[in-house]
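>>> Provided below are the primary sequence and the corresponding predicted coordinates.
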Protein chains: 2
Amino acid sequence: MANIREVAKRAGVSVATVSRVLNDSDSVSEETRERVLKAIKELNYHPNLLGRNLRRSETKMILALMPNVSNPFYARVVKGIEDVAHKNGYNVMLCNTDSDINREKVYLEILKNRLADGVIFMAPVMGKEELTLIGQNYPVVQCCEYIEGAGVSYVSIDNFSAAYKAVKHLIGLGHKRIGMISCENNFVSTKQREAGYKKALEDSRIEFDEKLIKYGDYSFKSGVRAAKQLLAMEERPTAIFAISDIMAIGAIRAIKEERLKVPEDIAVVGFDDISFASMYDPMLTTISQPKYDLGCVAMELLIKHMCGKLEEPQRIFLEHELIIRESTVK
Amino acid sequence: MANIREVAKRAGVSVATVSRVLNDSDSVSEETRERVLKAIKELNYHPNLLGRNLRRSETKMILALMPNVSNPFYARVVKGIEDVAHKNGYNVMLCNTDSDINREKVYLEILKNRLADGVIFMAPVMGKEELTLIGQNYPVVQCCEYIEGAGVSYVSIDNFSAAYKAVKHLIGLGHKRIGMISCENNFVSTKQREAGYKKALEDSRIEFDEKLIKYGDYSFKSGVRAAKQLLAMEERPTAIFAISDIMAIGAIRAIKEERLKVPEDIAVVGFDDISFASMYDPMLTTISQPKYDLGCVAMELLIKHMCGKLEEPQRIFLEHELIIRESTVK
DNA sequence: TTGTATGCGTTATCAC
DNA sequence: GTGATAACGCATACAA
């Protein structure tokens, strides 16, 4: 495979000139430029970026760490990240952490080994202290899930208001006994959504009943299980708010299995507006996050960090939206 | 950030010795090794792989090109690729081509620029000639979709037999008028599945009716649309075979909207066994591909190619399975 | 067992 | 406008 010296030789110029042509430097005559271009074509030369990267000590690669590539929610976020990245000459390395701290660590080695210029965490697994440390040494942005107080920028939505709006919608439909399917993790989103749920009840003078919160793990099966627990209660809820669409869909499945109807007997609201939400029967009422924009803004932030244009960590919240569909209103 | 020279200085050895410790060379005394390790720790040193990669002219990175990260089918394949890759010291760059030839080209630059050691195509967009050329110059494996005759290895399933089995299942249930939802693309899988459908009919002496094949684009909406066309026929089918689960789910939606029941009025079979297939109501009968294994085998093949252990292109077919669920049998 | 010296392919600084 | 050359950080052949 040809290298820059062979190109130079063939074009009858120095390697410096070839490099200038490669990098669109203006100080090269039209005639030489064409000679070089010709040589490049004839040799089918592709610059070896390993050399360039070493020299410039940058790779124009960024790391995007997410819990799960197959999660349709993150798919849209990634699209936003990629679009902005490409527009700015960056490539994106998508990495599955499976929410496993060890896998996360392994991928961060890529950053530490200078194979990537920065990193976007979709859902950091490590603790605050570690994140702080990473943030001090490398360009980092958090997107969607985030850790507060680590001095690291993030872009997300106001999960408290979103949950509040979802539950208020149910209350507005006359529901008073509203179950919630949450998760036993420490995500900010989870805590905030639970808080929004409680506040909505409180503002409508509905007493909070701890037993109405059941827990899953974001999976379909766990949604089924949690809903069954709610349905088995003596005084069972007439509506369910789940913190993810997949769990909401699991809940609907459970309700149907009990020969009950959605929304007539029990209304269901999800969260995220994944594509499958509008494919289901009934179509799911849910909170739509600006997934694509979240990704775009995160990448823009990261670029600023990498250029050193941003010292202070930023906290950015984008707008969400309640999408009303068949699972709450016939 | 510390480099190898600083580590050497601090440990009171030469850079060569540090390099030896880094690469687990045996010819270094236990005592020096420990001194070096100590220095590495104290300086929080991480080797700059840009240097190593340039020197070794390899990156231990491989490219995985897929049409769509969010497609749950590919998600499992990717998992297989990643697991084998990591076990062998490789990292995987996941890339979304959106089935766009230009995006595919851009990502292949990464390969040509020596930033990756090899590539796995989940669904090549380029033509046979181009793929042949790539295959002659770089380690390449095709996984799932593939182009025959380009001299490039692939691993997939026998789509013909799979479709045959699916349609035979419907015929066995007494169906004689069976619609098909296919796609107007040139994927081998598509052609083979159509052929399998026809052969199954033929073997059961059911006359093939061209009008019973409708076309979608793998999307939910296109599945709805195609099914509506089938339902609008004078003599409408009593069963539908779709070449993707998502389109099958779209078909079920359309059938329900016509106030018909699945499977009582119309049975439906999908293809792929994505996770949603068993979440839907009714749960979907479908062909399950060994997604994870497909990924594993593809990566193993690629590694062999990269090590130069494999000159001849391989053609590997893995087993599939018909999963019978509610959408065909109550 | 360890050190010295060279080169991987490129960019960038300095001359001319 | 162009060329010579010194890095970038590392691995390795060879020498000691």
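Good, I have the coordinates.

>>> Kindly report the residues of chain A close to DNA strand D.
Proximity of chain A to DNA strand D is assessed by CB under 7 Å from any atom of the strand, with A:12-17, A:20, A:26-29, A:31-33, A:51, A:54-55, A:57 identified as the residues in range. Any C-beta I mention is one placed from the backbone N, CA and C, and that applies to glycine too.

>>> again, only this time at 10 Å
Within chain A, the positions near DNA strand D by CB under 10 Å from any atom of the strand are A:4-5, A:8, A:11-21, A:25-33, A:35-36, A:50-57, A:113-114.

>>> For ChimeraX, write a command that selects the buried ones of those.
Selecting only the buried members of the residues of chain A next to DNA strand D in ChimeraX, with burial defined as 16 or more other CB atoms under 10 Å in any protein chain shown, works like this:
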select /A:4,8,11,13,17,18,19,20,21,28,32,33,35,36,50,51,52,53,54,113,114
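
>>> Pick out the residue of the stretch 201-330 of chain A closest to DNA strand C.
Evaluated by CB to the nearest atom of the strand, the stretch 201-330 of chain A has A:Cys307 as its residue closest to DNA strand C, separated by 14.6 Å.

>>> tally of neighbours for that residue?
Neighbouring residues of A:Cys307 were enumerated by other CB atoms under 10 Å in any protein chain shown; the total is 10.

>>> tell me the contacts of A:Val224?
Contact partners of A:Val224, counting by CB atoms under 8 Å, 6 or more residues apart in numbering or on different chains, are A:250-251, A:253-254.

>>> Strands of chain A, residue ranges please.
Under the criterion DSSP state E, strands of chain A are mapped to A:61-66, A:91-96, A:118-121, A:140-143, A:153-157, A:178-183, A:213-216, A:239-242, A:267-272, A:285-288, A:315-318, A:321-323.

>>> Minimum distance to chain B: which of those strands has it?
Among these, strand A:91-96 comes nearest to chain B, with 4.0 Å by CB to the nearest CB.

>>> what packs against the closest one?
On a contact count with 3 or more CB pairs under 8 Å, 6 or more residues apart in numbering or on different chains; DSSP states H and E, strand A:91-96 meets strand A:61-66, helix A:72-87, helix A:101-112, helix B:72-87, strand B:91-96.

>>> Make JSON lines out of the ones you listed and add mean neighbour count.
Formatted as JSON lines, the helices and strands packed on strand A:91-96 follow (neighbours: other CB atoms under 10 Å in any protein chain shown):
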{"stretch": "strand A:61-66", "mean neighbour count": "25"}
{"stretch": "helix A:72-87", "mean neighbour count": "22"}
{"stretch": "helix A:101-112", "mean neighbour count": "17"}
{"stretch": "helix B:72-87", "mean neighbour count": "22"}
{"stretch": "strand B:91-96", "mean neighbour count": "22"}
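
>>> Minimum distance to B:Tyr154: which of those has it?
helix B:72-87 (12.9 Å; CB to CB).

>>> who touches the closest one?
When contacts are taken as CB under 8 Å, 6+ apart, the neighbours of helix B:72-87 outside the stretch itself are A:68-70, A:72, A:96, A:106, B:62, B:64, B:66-69, B:91-92, B:94, B:120, B:122, B:143-144, B:245, B:272, B:274-276, B:289, B:291-300, B:303.

>>> contacting residues around the closest residue to A:Gly250 other than its chain neighbours?
Leaving aside its sequence neighbours, A:Gly250 sits nearest to A:Gly223 (CB to CB, 6 or more residues apart in numbering or on different chains; 2.3 Å). Contact partners of A:Gly223, counting by CB under 8 Å, 6+ apart, are A:181, A:216, A:242, A:244, A:246-251, A:253-254.
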